[in-house]
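*Asks:* 3D, please:
(chains A and B)
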Amino acid sequence: MIPLRHTRQVALRYIRALLRQPAWVGISLTQPVIWLLLFGALFKRTADIPGFSGGSYIDFLTPGVVVMLAMSSAWIGMGFIEDINRGTMDRLLVSPIWRGALNLGSVAQSVLSLVIQSLIVIGLSLAVGAHFHNGIAGVAVLIGVAGLLGAIFASLSNGIAVLARQRETLIGIVTMATLPLTFLSTALMQQSLLPGWVRWAAKFNPVNWAAEAGRSAAGPDADWGLIASRAGFLALLLLASAAFATRAFNAYQRSA
Amino acid sequence: MRPVAYPPGVPRRTLARILELLNRPNGAGKSTTVKILTTLSRPDSGEARVAGLDVVRNPERVRRSIGVVGQKHGLDPESTGRENLEMQAEIYGLTGSARRERVEQLLERFGLAEAAGRIAKTYSGGMQRRLDVALGLVQQPKVLFLDEPTTGLDPEARVELWREIERLAGEEEMTILLTTHYLEEADRLAARLAIVDRGRVVAEGTPEQLKSELRGDTVQVELAESSNGNAVAALQGLPGLSGLSVEGRVLRARAENGAAAVPSVLAALEQGGLQVASATVARPSLDDVYLRHAGRSFQQADTDDREEAA
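*Replies:* Purely as a prediction, here's the structure:
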């Protein structure tokens, strides 16, 4: 029970800090709206391309935007770097706090923000005419896989933050990684329309796993086998990332 | 200047171990030493024990026995004072009414009760420091580490913190390891004291011991006008006087018993035709101790260290 209690404390701390920044709350609530409307308008004609199957582009896009939102969790490590720089992290590390709680608490905050943002996107997409063919279950699966992806990115970000301890390093890595990961996936473009080598690379891209599973769950003929396998990959990768983030403190303590 | 009472036996042993750490050939600095003892860093070799527990093999239990107030603020500036303490209490397993009581007690004791609902980043420097110390005390540690706790505090806040430290060592019988750049602070607070210069321990003992090693008192006489060596000649051979030195109009000497030496010094000077403006007798200070052991004045060493660090 101690791991859970400590995780809860860390999560509460980060959630409180966010709620006390009205600007952040405002931005994170508007950002998904802008994405959905912007991408929706920009790629609207994609649905007219020969070979695009299924309904409207907004039906296709909504799961993609939810997955892209999950990638924003890659920035969560900035909070760790701040904690390290001002001494809060050291105070926690000399206490008997369960090491895993430091990452998991931060991951929990990040996933909570993601769920709220996703619900806004989904609500808005319904308002502009999107269909979710499997009802609540499909939406739940979509948010679930996005949550797994967000937790992976958050853990990796925290681990890198602890190892690098420098804002610039983390900013560089996140900027470098997120754009290719987005475009080497079906987040914005249907698989049949991707060039062959991108389709191949996408097989190994966790962003694509989440996009495929989320879109399948929202679409007219859900492939539950595919959903289960992609969710399984994501879960395994999450275990590895969370372990990495927690183990990173060992290196921190060797070199502190 | 009364040394603080510590539980007998404990500090001596603890200190001996710390001295070993500090004396390693590669000269672990003060900060590294504190990091090793608080489990924040692992030593490359050797062992260290805190409260009887091995810091490498048993870090979990060490963490439960110690409180740490680092050089940087440990508090979370985005949380209120109360939230900071509540989280710390939960980490150490205090829940429900036990947690509530402990938190309120600490807020009260550190004069933070009124500001408890305010976000910590709005606190003054002194208040933030008090919250830092309160955070280190939530679990009532056996050993408390204070790493330069008064750096940057105004004099009033410093004296306030000194009182609290004395109370913790006295009433609560806590073993405290304090590092400081202020000799007066060491003098006032330390039961035992190690002077570290360039990563080496150059002197160790109680402040009183260290000072009494510098036999006797300092007698200082200010002359009405510059003496041009006449003064030294006048005092030469006066029994019980040693270490004569003159700087401008100021004459310094050491005497076994300063107060008793003053009349004969004054008489000798008068005989030599020298007018005296004032005379003072002072017990040796830790500054004198530092000067003798480190071969440079504390102020000079402090400046050197800062330049090396920069």
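*Asks:* quick check: phi and psi on B:Glu148?
*Replies:* With angles defined as degrees, to the nearest 10, B:Glu148 sits at phi 50, psi 60.
*Asks:* what's the distance between it and B:Pro155?
*Replies:* According to C-beta to C-beta, to the nearest Å, B:Glu148 and B:Pro155 sit 16 Å apart. Any C-beta I mention is one placed from the backbone N, CA and C, and that applies to glycine too.
*Asks:* of those two, which one has the most company?
*Replies:* Using other C-beta atoms under 10 Å in any protein chain shown as the criterion, B:Glu148 and B:Pro155 rank with B:Glu148 on top: 19 against 8.
*Asks:* contacts only, for the closest residue to that one other than its chain neighbours.
*Replies:* Distance criterion C-beta to C-beta, 6 or more residues apart in numbering or on different chains; nearest residue to B:Glu148, sequence neighbours excluded, is B:Gln71 at 5.1 Å. Residues near B:Gln71 by C-beta atoms under 8 Å, 6 or more residues apart in numbering or on different chains: A:Gly87, B:Ser31, B:Asp147, B:Glu148, B:Thr151.
*Asks:* mind pulling up the pLDDT for B:Gln71?
*Replies:* Turning to B:Gln71, the model gives it a pLDDT of 85.
*Asks:* what about stretch B:150-162 and chain A, touching?
*Replies:* No - Stretch B:150-162 does not reach chain A (C-beta under 8 Å from any C-beta of the partner chain); its nearest approach is 13.0 Å.
*Asks:* so which bits of that stretch are buried?
*Replies:* B:Thr150, B:Leu153, B:Ala157, B:Arg158, B:Glu160, B:Leu161, B:Trp162 (16 or more other C-beta atoms under 10 Å in any protein chain shown).
*Asks:* any chance of the residues you listed in JSON lines, with secondary structure, distance to B:Gly52 and pLDDT too?
*Replies:* Shown next, in JSON lines, are those (DSSP: H, G, I helix; E, B strand; the rest coil; distance: C-beta to C-beta, whole Å; pLDDT from 0 to 100):
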{"residue": "B:Thr150", "secondary structure": "coil", "distance to B:Gly52": "29", "pLDDT": "86"}
{"residue": "B:Leu153", "secondary structure": "coil", "distance to B:Gly52": "33", "pLDDT": "85"}
{"residue": "B:Ala157", "secondary structure": "helix", "distance to B:Gly52": "34", "pLDDT": "86"}
{"residue": "B:Arg158", "secondary structure": "helix", "distance to B:Gly52": "32", "pLDDT": "88"}
{"residue": "B:Glu160", "secondary structure": "helix", "distance to B:Gly52": "32", "pLDDT": "88"}
{"residue": "B:Leu161", "secondary structure": "helix", "distance to B:Gly52": "28", "pLDDT": "89"}
{"residue": "B:Trp162", "secondary structure": "helix", "distance to B:Gly52": "28", "pLDDT": "89"}
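*Asks:* can you pull the residues of the stretch 51-200 of chain A lying near chain B?
*Replies:* A:Arg86, A:Gly87, A:Thr88, A:Asp90, A:Arg91, A:Leu92, A:Leu93, A:Val94, A:Ser95, A:Pro96, A:Ile97.
*Asks:* nearest to A:Thr169 among those?
*Replies:* Minimum distance to A:Thr169 across these is 17.9 Å, recorded for A:Arg86 (C-beta to C-beta).
*Asks:* just give the number of residues close to the closest one.
*Replies:* Quick note: A:Arg86 (other C-beta under 10 Å) scores 16 neighbours.
*Asks:* B:Arg57 too?
*Replies:* B:Arg57 has 11 nearby residues by other C-beta under 10 Å.
*Asks:* what's near enough to touch it?
*Replies:* Not one residue lies near B:Arg57 by C-beta under 8 Å, 6+ apart.
*Asks:* check the gap between it and chain A for me.
*Replies:* B:Arg57 sits 14 Å away from chain A when distances are taken as C-beta to the nearest C-beta, to the nearest Å.
*Asks:* that's a strand at that residue, yeah?
*Replies:* No - going by DSSP: H, G, I helix; E, B strand; the rest coil, the assignment for B:Arg57 is coil, not a strand.
*Asks:* phi first, then psi, for it.
*Replies:* According to degrees, to the nearest 10, B:Arg57 has phi -80, psi -30.
*Asks:* quick one, helices of the stretch 101-250 of chain A?
*Replies:* For the stretch 101-250 of chain A, applying DSSP state H, counting those that start in this stretch gives helices covering A:135-164, A:167-183, A:196-202, A:206-218, A:224-255.
*Asks:* before we move on, what SS does the spatially most central residue of chain B have?
*Replies:* In chain B, the centroid-proximal residue (C-alpha atoms, centre = their mean) is B:Ala186; its distance is 2.5 Å. Here B:Ala186 is recorded as helix under three-state DSSP.
*Asks:* quick one: it and B:Leu286 touch, right?
*Replies:* Yes - counting by C-beta atoms under 8 Å, B:Leu286 is a contact partner of B:Ala186 at 6.3 Å.
*Asks:* so what sits against both of these two?
*Replies:* B:Leu193, B:Pro207.
*Asks:* tell me the secondary structure at the residue nearest to B:Glu148.
*Replies:* Going by three-state DSSP: B:Gln71 is coil.
*Asks:* which strand or helix spans B:Gln128?
*Replies:* In the assignment (DSSP states H and E), B:Gln128 maps to helix B:125-137.
*Asks:* that helix: which residues count as buried?
*Replies:* In helix B:125-137, counting by 16+ other C-beta under 10 Å, buried: B:Gly126, B:Met127, B:Gln128, B:Arg129, B:Arg130, B:Leu131, B:Asp132, B:Val133, B:Ala134, B:Leu135, B:Gly136, B:Leu137.
*Asks:* apart from its neighbours in sequence, what residue is nearest the last one?
*Replies:* Spelled out, it's B:Leu137. Of all residues not flanking B:Leu137 in the chain, B:Gly67 sits nearest, at 5.6 Å (C-beta to C-beta, 6+ apart).
*Asks:* would that neighbour count as being in a strand?
*Replies:* Yes - under three-state DSSP, B:Gly67 falls within a strand.
*Asks:* how about it: which residues does it bridge to?
*Replies:* B:Leu144 (DSSP bridges).
*Asks:* and it, how many neighbours?
*Replies:* 27.
*Asks:* does it touch B:Asp147 like I think?
*Replies:* No - assessed by C-beta under 8 Å, B:Gly67 is found out of contact with B:Asp147, at 11.7 Å.
*Asks:* rewinding a little: quick one, what contacts the residue nearest to the centre of chain B?
*Replies:* B:Leu178, B:Thr180, B:Leu193, B:Pro207, B:Leu286 are the contacts of B:Ala186 under C-beta under 8 Å, 6+ apart.
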